[in-house]
Every structure is written in C-alpha cells, then in structure tokens.
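*Asks:* build me a model from this:
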Amino acid sequence: MNQRGSFYRKVTYGAIIAALLVPLSLLSSPATRNSKGGVLSQLRAEHRLGQADLGEIDPASETIKLATLGLRGLAVQLLWNNANEYKKKEDWTNLTATLEQLAKLQPNFITFWKYQAWNLSYNVSVEFDDYKDRYYWVRRGIQFLQQGARYNRDNPKLLWELGWVLGQKIGRSDEKVQYRRLFKADTEYHPEDRPPTQRDNWLRSKAWYEEAVAAVDERGQSIGKQSPIVFYSSPAKSQMNYSEAIGEDGLFQRSVAGWRLSEQEWKEFATRPIEHSTGVVLRYAEQDEVEQRVTELTEQLSGMVAGVSERIVAQARKTLTPEQLAALEIPPADRDEDQYQLSSEAERILEVTPQKIADQIATEAPEKNRQAQRLAAELRDTERKLAFIKAYKDTANFDYWMLRSQFEQSKAAVNARELIFRARQAFDQRADVEQAKQLYEQAFARWADVFAEFPQLSDPDGTTGDDVMYMIYDYNRVLEQLDEEVPEDFPLWNIIENFDTEREFRAQIEERRRARGELDESAAQAAPAESASSAPAPSQATPTIDTASSAESASGETAAPAAETPAPANE
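*Replies:* Okay, here's the model as predicted:
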C-alpha cells in the first residue's frame, strides 16, 4: 500500500511538472526570427530592458566578468587607478588600452564615457606640441564617445555630449582653423559617401544634437537634470555657429543661406513646449499672447469697481514712514544704500497686486467677491507664466539670436563682413597697409549702416558689439603701422566707448568725454591727492606682516593651473 501511494505521488508530481511546462514556455520562450517569443521576451522588447536594447553586446564582457570571479568592482577600481597613473606618466598607449578594458567592464556607466572622452579630447590632447597630434587625441575622444553611444543606444546625454565636443572643441579652440581643416579632410572619421559640404564640424555637431532630441521626442528617453533650454536649443545654435564659421572662411553666400535656415530653426524652437520646474509648460512664441492676456485680465479686474487701484495706493501710502517717502522722492541714480533699501520697501508696500485688488473689491462690493477672486487667481497664474517665459528667453538669449540670424542676412552686414575679410587678407598676407586701411574704413561705414538699421545690436548683452570691437582692434594695428590714430569722424566711436575691454582707446575715450563735459576734472584731480593723503606717514606704526601666511597666500595665487577637467557642458 505504501509503495502504491508513493508511486501515485510521483505520477502526480510528474503530471503537475508537465502541466507547468506549458505556461512556463509561454512566459519564457526566447524571441526568434519568426516569433516574438514568450510574454517576458515581449515585455523586454516593449520596455527595452534587455542588453541588446541597451546597445551592442561585447562578447568579451561576460568573459571578463568571469575572469574577475565576481570582483568586478575591485577590478574597475584597479583599472581606474591605472588609468590615472598612466596619464600622469604620459603613457598614452597603456592609457588607451586601460580605457578599452574599462569599457568592457562598465559599458552602461554613462559618466565613464563622458569623463574619459573629455580626458582624451581636452586633457591628453594639450600635452602635445604639434596641432596634428593634438587633433588626433581630440578625435580619439570623439570616437570614444561614439563607442559609448553604440553600447548605450538612444542615450540623449551621450548623443548631446558628442554634439558638444564636435562643435566646441574643434570649432572654438585656439587651433580652430587647423582643427576644422583637418576634420574636413579626415577620411578615418567621415564615411566615404559623405559629401565635402557636410564634413563641417558644426554640421556634424548639429546632427548629433538632433539625434539626442529625437531620442527624447520619438523614443521616450529622458534628459535627466540637464537644462531643457540648452538641450533643445543646441541644434539651432550649431546651425548659427556653422553660418558664422563659413562666413569667416569667406563663403559669404553660403553663410547667408545658413543664417536663413538658422532663423527658421530658431522660430521652430520658439514653438517647442518646454516644461518649467514647476510643471508649467512654456512656449517662447506665446509671449505676446500671454502679455495680451495679462492686460485683458488686469483691465477686467480693475474695471469691476471704478478707481479701486488708486484707492489701494492712497491707503498704502498713508502707512509709509517719512524716511520711506523721502527716499521715493530721490532719483534712483542718486540714492545711497540706505535710501535704496527704504525706497524698495516703499515700492513693495505700494505695489498693486491682483490679490489686493480682489480683497478691496470684496470690501467695497461683496456681491462681486467671487468673480474678483476668480479673475485674481487667473491673473496671478498668467503673470507667473509670463515671468517664466521671459526668464527662460533671457537664459537662451533668445531675442539676440533671433536678431542676429536676421541682420546677418542683410546686404549691409554681408558687405561689411566681406570687406573685413579682404582687409585682413591685404594686411596679413600681402602686407598692403594702405589697402587694408581703405577696406577697413569702407567696412566700418557698412557696419554703421547695420547698427542704424538694427540699433538693438549695441546692447552689451549681445556679442555683435564685441565682434566688431575686435575688428576695430585689427584696424588700429594697421593704423599703428602708419603712425596714425582712429580719426575723430570714425563712425563707430559708440562701439569703442561701450566695448573697449582691452582699454586700448582709454586715452582717446577720456579726451572725447572731457570734450563733451562728461568727465569731472576736479574729481579726477582730487582722487590722486586723496589717495596720497590717506597713505601712512613713515613715522606711523605699520602692522606686522605674517611672512609665513603671506608666502602661503602668494603661492596659492601664483600656482600653475591644473589640467583641464571635465565640466558639465553648457553652450
């Protein structure tokens, strides 16, 4: 009986196991060429959870894991230490080999790819004297990032980093002229079917930025903590940088076409929804519409009871102290620190907010309280949205770059840049000083037309004034060869006075201001006398100097700069 019962139990267990094999096969069967596989395989494919969905699979990676007997963390730490040591010793061959080993152990560690790519492109490259050798290591860093992008498919951080290094390192370095030329001719980097016109570093940078944006928009990836303004504006900014660069190369008609495309893409960026950290969705192009809505709501709320805003101000003014009232009467430019603080406090008290209007209406006309509170709430939200849009536009310097992309297409601007290009050629290549002077003067006459047509370009927050100022510095070098100075009738003296950061024209600027009566002669003469009178006499006691701390401070100020280290990319 016991033997028969044992037999029945075994048969039962076998039947249960056989029955469980059916749902198990439905759950875990792998995907094949002709089948999507089981439920788990389909879920992995849907949510991109498998290693194959992360990127390429390295056949050696599992071998290395086994070889380290599960001590991958220890192996990684050892390799990182070796990499740093090889870098100190300038053993670039072993450094490269070590990085390849690390890539096998940490293929999905994004920071590793970013850090070591920066290390190769920025830190290792500067150790070489020949710009060709430096370019080689810049390219190695870029290729290292591309390898990381293959292991981590659709990762927007790596794709964006590729765009940044291709654009900024090659297009902004001191050797940018040589780097850009080498990059265009680099057959090892570019595929054979890529046309020469598409081998510009800024266009390749733009292509990687667009890949990063597509990974987010189309494939559901996240940009993490990166600024959405910087992330989404990068493709259009690369197009602008390309247009500027080919203009500097003398390709003016192609540059105009590039700026035309830049304007179009910048307008498209203005329509892109960008989520604020508070959850509010913003579009730059909506600013005029939101401003109009603020005006409408303000008029509706204030119009519910006639004169309500004036009465709020009158009542608030009665609460101000005599000191606050006196501070308000002083022009802002003439206020000292205490008066500025008092006036700021008074202005906050006198500010008419939507909530103050709604509360005043509730007091004067209780039957309108509900409507007033509703309008006040909507007005507050709309004002906040408008403030967010303006702040984000300022962060992207949106208005300037829109203006830049427009004025660069103007005939006067193109003519001015072409004349500057010819002037530099005359001076640098042919040493023809007289012709260079004439071409510069013709160019600055055209630039004066540009500034007259687009007066916003004189804004110190833009970069056009700085760009033109460097042209004026070059012009001044030409004049120095002729023992001449910038003439009084020079059409861009306002640019010199506002953008002369090198202070090359300090004496002439002071003379012009003195002639206009803007320079206080008595104050200028009194300043040196006051400084001299305040100096301690020889007989006065002087404080004892701690030579040890002084030397330590000096050594800290004069220490040699450390090697460049990776930093968050910010365009």
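
*Asks:* buried residues in stretch 407-420?
*Replies:* The neighbour-count check on stretch 407-420 (16 or more other Cβ atoms under 10 Å) flags 407-410, 412-420 as buried. For every residue, glycine as well, the C-beta is placed using N, CA and C.

*Asks:* quick one, domains of this structure?
*Replies:* Structural domains annotated on the chain: 1-29, 54-107, 121-280, 284-400, 410-518, as defined by automatic domain parsing.

*Asks:* which of the ones you listed sits closest to Leu43?
*Replies:* Each of those has some distance to Leu43 by Cβ to Cβ; the shortest is domain 1-29, at 9.8 Å.

*Asks:* out of the domains of the chain, which one sits most buried?
*Replies:* A comparison of the domains of the chain by mean neighbour count, using mean count of other Cβ atoms under 10 Å, puts domain 121-280 on top with a mean of 18.

*Asks:* can you check the distance spanned by that one, start to finish?
*Replies:* With Cα to Cα, to the nearest Å as the measure, the ends of domain 121-280 fall 38 Å from one another.

*Asks:* chain center to it, what's the gap?
*Replies:* 13 Å (Cα atoms, centre = their mean, to the nearest Å).

*Asks:* please renumber so the chain begins at 334
*Replies:* Shifting the count to begin at 334 puts that one at domain 454-613.

*Asks:* what pLDDT, on average, does that domain get?
*Replies:* The pLDDT scores in domain 454-613 average 95.

*Asks:* likewise for stretch 713-724?
*Replies:* Stretch 713-724 carries an average pLDDT of 96.

*Asks:* circling back: adding distance to Trp446, write the domains of the chain out as CSV.
*Replies:* Compiled in CSV, the domains of the chain are given as follows (distance: least, Cβ to Cβ, whole Å):
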stretch, distance to Trp446
domain 334-362, 33
domain 387-440, 8
domain 454-613, 3
domain 617-733, 27
domain 743-851, 32
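
*Asks:* pLDDT weak spots in the stretch 334-483 of the chain?
*Replies:* Scanning the stretch 334-483 of the chain for pLDDT under 70 picks out 334-335, 364-366, 377-403.

*Asks:* for Gly370, which of the domains of the chain is the nearest?
*Replies:* Using Cβ to Cβ as the criterion, the shortest distance between Gly370 and those is 5.3 Å, found for domain 334-362.

*Asks:* does Asn488 touch Arg552 like I think?
*Replies:* No. Between Asn488 and Arg552 there is no contact under Cβ atoms under 8 Å: 10.3 Å.

*Asks:* state the pLDDT value of Glu656.
*Replies:* Listed pLDDT for Glu656 reads 93.

*Asks:* so what's it closest to, chain neighbours aside?
*Replies:* Leaving aside its chain neighbours, Glu656 sits nearest to Leu675 (5.5 Å; criterion: Cβ to Cβ, 6 or more residues apart in numbering).

*Asks:* show me what whichever strand or helix holds Glu711 is packed against.
*Replies:* Glu711 belongs to helix 702-729 when assigned by DSSP states H and E. Applying 3 or more Cβ pairs under 8 Å, 6 or more residues apart in numbering; DSSP states H and E, one finds that helix 702-729 makes contact with helix 561-581, strand 614-615, helix 620-635, helix 687-697.

*Asks:* element containing Glu601, please.
*Replies:* With elements taken from DSSP H and E, the one containing Glu601 is helix 585-603.

*Asks:* ok, and what's touching that helix?
*Replies:* Applying Cβ atoms under 8 Å, 6 or more residues apart in numbering, the external contacts of helix 585-603 come out as 565-566, 568-569, 572-573, 575-577, 579-580, 616-618, 731, 734-735, 738-739, 741-742, 747, 750-751, 754.

*Asks:* now stretch 520-535
*Replies:* Under the contact criterion Cβ under 8 Å, 6+ apart, stretch 520-535 has outside partners 472, 475-476, 499-500, 503-504, 512-513, 516-517, 519, 537, 571-572, 574-575, 578-579.

*Asks:* just stretch 419-435 next, same as before
*Replies:* 397, 409, 412-413, 415-416, 445, 449, 452-453, 456-457, 460, 470, 473, 477.

*Asks:* if we go to 10 Å?
*Replies:* 393, 397, 408-409, 411-418, 442, 445-446, 449-450, 452-453, 456-457, 460-461, 470, 473, 477, 480, 896 (Cβ atoms under 10 Å, 6 or more residues apart in numbering).

*Asks:* return the alpha-carbon coordinates of that stretch using CSV.
*Replies:* Coordinates of each C-alpha in stretch 419-435 appear next as CSV, following Å, rounded to 0.1, in the frame of the first residue of the first chain:
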residue,chain,number,x,y,z
TYR,A,419,49.3,56.2,-17.0
LYS,A,420,48.0,59.7,-17.6
LYS,A,421,50.5,61.2,-15.0
LYS,A,422,53.3,59.3,-16.7
GLU,A,423,52.1,60.3,-20.1
ASP,A,424,52.0,56.7,-21.1
TRP,A,425,49.3,57.1,-23.8
THR,A,426,49.4,53.6,-25.2
ASN,A,427,48.7,51.9,-21.9
LEU,A,428,46.1,54.6,-21.1
THR,A,429,44.2,53.8,-24.2
ALA,A,430,44.4,50.0,-23.5
THR,A,431,43.2,50.5,-20.0
LEU,A,432,40.2,52.6,-21.1
GLU,A,433,39.3,49.8,-23.5
GLN,A,434,39.3,47.3,-20.6
LEU,A,435,37.2,49.7,-18.5
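
*Asks:* now do that stretch: distance to the chain's middle.
*Replies:* Taking Cα atoms, centre = their mean, one finds stretch 419-435 lying 31 Å from the centre of the chain it belongs to.
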